[in-house]
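> with the sequence up front, the predicted model follows.
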Amino acid sequence: MTTSVDYSTRPSVLRSDSLTRTFGWGKSQNKMERKSVLIVGSGMMGCGIASCALLAGNDTILYDVYAEALGRAVERTKQNIDELAEQELCTQEQADAAMERIHVEPDLEKACASAKVVIEAVFEKLELKQEMFEKLDALLPVEVPILSNTSGLRITDIAARTKRPEGRLPAVCPDDGGRPHGI
């Protein structure tokens, strides 16, 4: 029999204290408190990443360029989390609490306003990822990390249009355990 896992206490790059230790980011200098994980792209990968962020105890915002996709994304994320509860990988109470922390925002500027970290999960097309990184770079203070869920593109190519200092744009690579990598 499998025992429930308390994801809020497991080491995770999505936990606030892990972000500070791993990347050296502290509190934002902005007056608004940054407390949310922003997932840009609400497809299969975006929903999976959102599920992890929610179970790690984070307020999580889903953004998609197609606003009508956001309702489906919340349902897909709920299905992911419910499956984990059914498999006893988290409790039903943890699953319910996680779903209370999910938010959707069809406006990218508003979505960025409270983000402590952004994880880009759009289609695996270089031009599209570059455009999104460029938009995010313009909307976010430099201390807010922008991560990419990419499996075949170089993060330096994706980040080529940003003004971020070198080494501040890690990538999340699913094929090596999801560990973040700086440039």
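That came through, no problem. Numbering: from 1, shown residues only.
> neighbouring contacts of stretch 61-79?
Surrounding stretch 61-79, the residues in contact under the criterion CB atoms under 8 Å, 6 or more residues apart in numbering are 36-44, 46-47, 50-51, 54, 99, 102-106, 108, 111, 114-115. The way it works is simple: take the backbone N, C-alpha and C, and place the C-beta from them, glycine included.
> how close does residue 157 sit to residue 118?
18 Å (CB to CB, to the nearest Å).
> which of the two has more residues huddled nearby?
Each of residue 157 and residue 118 had its neighbours counted (other CB atoms under 10 Å), and the higher figure belongs to residue 118 (24 against 12).
> what lies in contact with the helix or strand that one falls within?
When elements are defined using DSSP states H and E, residue 118 is found to belong to strand 115-120. With CB under 8 Å, 6+ apart as the contact definition, strand 115-120 has outside contacts at 14, 16, 19, 28, 34-41, 49, 53, 61, 112, 129, 132-133, 136, 140, 144-149, 172.
> now a ChimeraX select for only the buried ones of those.
Here is the ChimeraX selection string for the buried members of the contacts of strand 115-120, based on 16 or more other CB atoms under 10 Å:
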select :14,16,19,28,34,36,37,38,39,40,41,49,53,61,112,129,132,133,136,140,144,145,146,147,148,149,172
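> for the longest helix seen in the chain, buried residues please.
Scanning the chain for the helix with the most residues, using DSSP state H, yields helix 69-86. Buried residues in helix 69-86, counted by 16+ other CB under 10 Å: 69, 70, 73, 74, 76, 77, 78, 80, 81, 82, 84, 85.
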